[in-house]
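**Student:** I would like the atomic coordinates for the input below:
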Amino acid sequence: MKIKFPVEETVKKRYSVRNYSQRVIEADKTNAIAAFIKTLENPFGPTITFHTLDIKSGTTTQKLGTYGVIKGASHYIGTTITPEPMALEALGYEFEALVLFLADLGLGTCWLGGTFDRQSFSAAMEIKAGEIFPIITPYGYAADHKHFKEKAMRKLIKADQRKNWPQLFFKDDFQTPLTEATAGDLAFALEMVRLGPSASNKQPWRIVLLDGNCHFYEAKEPGYSKAFAYDIQRVDLGIAAAHFDFATQEGNINGHFVTTAAPELTLPQHLEYVFSWIRE
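**Tutor:** Got it, this is the predicted structure:
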């Protein structure tokens, strides 16, 4: 999909907002959000369904729980998928596109995967049986001050820190770290991946640059997805794909994603191939 917001500025503007003001979202922004959702697509194929919820204007009487993580939010967007290959990556791609669009509008968001009451939100958003309901986000204007739990959570997960290049990006194999100089015109896209959000800020993406193509791997956190019926870190790989794709588009670098181009490499423990970006 094509995006119209500036990639670096928007990626750096976005942060997780957990405390929201009561400022009303203007009608033109509400309309723009609805229109943007209709344009969303992904390079992996699966269909992503979006569900919006306005607590103040809605009819729900269900108490919606975020375990004290979110304060003051009136608006939420949720996503559902059907069980199929690459659905979680597709969700991560489209949802991050929406999150960045909201940031460009000056609105705050916060990815929620494990800290919301699925039962209450499923009822309020009328989620159908059989659909997987992995992610929601509140959205709105950030409050002037962060609440105590928000400050504590950001400190706990080191929200403002990111792994360095040698931990994430490699040249030809997993023994040779990739430098920005060696990455050449792909350095900007890789840096945008590095700055991306991820569940608990674990940054599970690993990328090998080989023969001009980028191969994406998931560094699995043992036991991390045990509480879910799916590998939630695959959503993070979709976020990485979105950042990489938007940055290469902005740099007029042509390429496409495939899921069947895994190179023959010796993989470190807990690493799994997910997809590749093939330069055209």
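
**Student:** count of residues packed around G223?
**Tutor:** By the criterion of other Cβ atoms under 10 Å, G223 has 7 neighbours. The C-beta positions use only the backbone N, C-alpha and C, and glycine is treated the same way.

**Student:** next, give phi and psi for it.
**Tutor:** Note on G223: its backbone torsions stand at phi 80, psi -10 [degrees, to the nearest 10].

**Student:** let's see the pLDDT reported for it.
**Tutor:** As predicted, G223 sits at a pLDDT of 85.

**Student:** just M86 next, same as before
**Tutor:** pLDDT for M86: 98.

**Student:** how does the protein divide into domains?
**Tutor:** Domain assignment for the chain by automatic domain parsing gives 7-154, 165-279.

**Student:** and those domains, which one averages the lowest pLDDT?
**Tutor:** domain 7-154 (a mean of 91).

**Student:** residue ranges of the strands in the stretch 151-280 of the chain, please?
**Tutor:** 169-171, 205-210, 213-219, 255-258, 271-279 (DSSP state E, counting those that start in this stretch).

**Student:** how about TSV for these, with mean neighbour count and distance to K13 added?
**Tutor:** Converted to TSV, these look like this (neighbours: other Cβ atoms under 10 Å; distance: least, Cβ to Cβ, whole Å):
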stretch	mean neighbour count	distance to K13
strand 169-171	21	24
strand 205-210	22	21
strand 213-219	21	25
strand 255-258	16	26
strand 271-279	19	25
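
**Student:** reformat those as JSON lines; add distance to G130.
**Tutor:** Shown next, in JSON lines, are the strands of the stretch 151-280 of the chain (distance: least, Cβ to Cβ, whole Å):
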{"stretch": "strand 169-171", "distance to G130": "38"}
{"stretch": "strand 205-210", "distance to G130": "30"}
{"stretch": "strand 213-219", "distance to G130": "26"}
{"stretch": "strand 255-258", "distance to G130": "27"}
{"stretch": "strand 271-279", "distance to G130": "25"}
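
**Student:** out of those strands, which gets nearest to A240?
**Tutor:** A240 sits nearest to strand 205-210 of all those, at 4.2 Å, using Cβ to Cβ.

**Student:** list of residues touching that closest one?
**Tutor:** 168-174, 178, 182-183, 186, 190, 193, 196, 198, 214-219, 236-237, 240, 263, 265, 271 (Cβ atoms under 8 Å, 6 or more residues apart in numbering).

**Student:** circling back to that earlier point, who wins for proximity to A97 among the strands of the stretch 151-280 of the chain?
**Tutor:** Between the strands of the stretch 151-280 of the chain, strand 255-258 lies closest to A97; by Cβ to Cβ that is 14.3 Å.

**Student:** can you name every helix or strand that that closest one contacts?
**Tutor:** When contacts are defined as 3 or more Cβ pairs under 8 Å, 6 or more residues apart in numbering; DSSP states H and E, strand 255-258 packs onto helix 233-250, strand 271-279.

**Student:** who's in contact with the shortest one?
**Tutor:** Contacts to strand 271-279, defined as Cβ under 8 Å, 6+ apart, come from residues 44, 86, 89, 174, 206, 212-220, 234, 237, 241, 244-245, 248, 253-259, 261-262, 267.

**Student:** which parts of the protein are helices?
**Tutor:** 7-13, 27-39, 87-104, 118-125, 148-156, 165-168, 180-183, 187-194, 233-250 (DSSP state H).
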